[in-house]
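A.B. asks: based on what follows, work out the 3D shape:
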Amino acid sequence: MSREPILSGDDAFEPDPPSQFVPLGREEDQVLRPQRMEDMVGQREVYERLMIAVDAARIRQETLGHILLDGPPGLGKTTFATCIPRALDVPLQIASGAALSAPKDLLPYLTNAQEGSVLFIDEIHRLPKAVEEFMYPAMEDFRIDITLGEGVSARTVNMTLRPFTIIGATTRSGLLSAPLRDRFQVREHLDFYSHDELCEIIRRNARKLRVEIDDESAMKIAVCSRGTPRIANNRLRWVRDYATTKAAGKITLPVANAALAMLGVDPAGLDNQDRKYMETILRVFHGGPAGVEAIAHTLNTAIDTLTDEVEPFLLRSELVVRTPRGRKLTAKGYEHLGATPDAAINGARHGRGDDGPLPLFAE
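C.D. replies: Numbers count the residues shown, from 1 in each chain. Model (predicted):
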């Protein structure tokens with residue numbers, strides 16, 4: 001039995017209309033990190049000092065000295081650490097301080113290090129003390145002592161390493177022991193970015209993401225990004241998603257405002273959790289002072305969440321202050337919430353039912 005053709009060349013075929021959005025490759029969509037130090041925006045003083053050290057090592061054909069980068073999360077420590085080996089044209093190894101729980105975990109990185117190569121250790125403050133002490137001779141003399149065997153038959157082998165560079169990144173440099181910290185020849189602290197610098201980062205990354213954005217929208221996102229490029233990139237991705245579904249893929253100022261409002265971000269960059277923290281101090285504790293434990297229990301939130309995530313930006317923005325008696329709203333904090341200190345005091349008196357202090361014992 002003969003089969004009829006399902007589709008012949010004479011049949012009419014209409015292709016689907018082309019989409020106005022060009023899909024991005026997975027790597028292109030995720031990697032917004034600059035690939036060269038020259039392409040980085042902001043941190044110019046740090047950049048200039050690091051470039052002097054890199055150029056000097058290249059001219060003398062020597063191994064670059066060990067570098068310690070510290071600062072809050074999301075400011076570019078990893079970007080510097082990955083761009084420096086490219087500037088020197090040397091290999092790069094990456095490790096995490098939390099994963100190096102014993103000297104044997106660090107040993108493969110040291111023995112595999114090529115001459116002049118870079119070993120980047122992120123969150124280096126999480127290294128155990130035994131690993132830190134194991135690193136001392138490796139950093140100074142490029143040698144390590146390995147113990148073979150156990151008991152009376154154990155012997156120590158001295159192994160010479162090829163000269164290499166350790167770049168450490170940490171958000172809490174105070175947790176590093178002084179001997180380890182002093183073995184870094186170059187120490188740099190990364191600070192927060194200005195609005196103009198973040199605006200330039202957002203414009204550049206918008207081009208990488210193939211989304212159209214105007215200067216007003218870029219500045220709006222920059223102002224709401226807390227001086228941190230990582231937060232700016234996250235905000236940009238969210239606004240891009242919103243514009244794709246609501247505004248044909250074009251980011252304008254009304255679109256950016258609507259997207260950030262849906263995300264719960266106000267014009268000062270505060271999110272819902274930040275405002276709940278401040279409103280709790282105002283409403284429950286009448287402006288403060290209030291202990292962080294009391295605030296955390298009232299919000300049903302972990303204390304670490306408040307001290308590590310919520311309070312740093314509020315303190316830096318001068319919306320809240322820490323006092324020996326607890327947290328208090330500042331005049332700027334009252335203004336942001338649309339309240340006044342007098343109203344908070346009157347609310348406290350109204351809550352007591354009179355103008356005097358509460359009695360020690362109920363009748």
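
A.B. asks: alpha carbons only for contacts and neighbour counts from here, please
C.D. replies: Noted.

A.B. asks: all strands of the stretch 1-150 of the chain, in order?
C.D. replies: 67-70, 92-96, 118-122, 143-148 (DSSP state E, counting those that start in this stretch).

A.B. asks: indicate which one of those strands is closest to Pro324.
C.D. replies: strand 67-70 (27.8 Å; Cα to Cα).

A.B. asks: please convert the strands of the stretch 1-150 of the chain to TSV, extending it with mean neighbour count and mean pLDDT.
C.D. replies: TSV is the format used below for those (neighbours: other Cα atoms under 10 Å; pLDDT from 0 to 100):
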stretch	mean neighbour count	mean pLDDT
strand 67-70	24	94
strand 92-96	17	92
strand 118-122	24	93
strand 143-148	15	80
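
A.B. asks: state the pLDDT value of Pro289.
C.D. replies: Looking at Pro289, its pLDDT reads 89.

A.B. asks: need the distance between the two termini of stretch 306-314.
C.D. replies: Its start and end residues considered, stretch 306-314 measures 10 Å (Cα to Cα, to the nearest Å).

A.B. asks: can you point out the buried residues in that stretch?
C.D. replies: 306, 310-311, 313-314 (16 or more other Cα atoms under 10 Å).

A.B. asks: out of these, which sit inside helices?
C.D. replies: Assignment to helices by DSSP state H places the following of those there: 311, 313-314.

A.B. asks: circling back: and which of the buried residues of stretch 306-314 is nearest to Thr170?
C.D. replies: Among the buried residues of stretch 306-314, Phe313 lies closest to Thr170 (Cα to Cα), at 18.7 Å.

A.B. asks: among the strands of the stretch 1-150 of the chain, which comes closest to Gln273?
C.D. replies: strand 67-70 (26.6 Å).

A.B. asks: hang on, isn't Val157 packed against Arg143?
C.D. replies: No: at 10.3 Å, Val157 does not count as touching Arg143 under the criterion of Cα atoms under 8 Å.

A.B. asks: could you chop the chain up by domain?
C.D. replies: Domains of the chain are assigned by the TED database as 37-189, 195-263, 272-337.

A.B. asks: from the chain's centre, how far out does the longest one sit?
C.D. replies: A distance of 20 Å separates the C-alpha centroid of domain 37-189 from that of its chain, computed with Cα atoms, centre = their mean, to the nearest Å.
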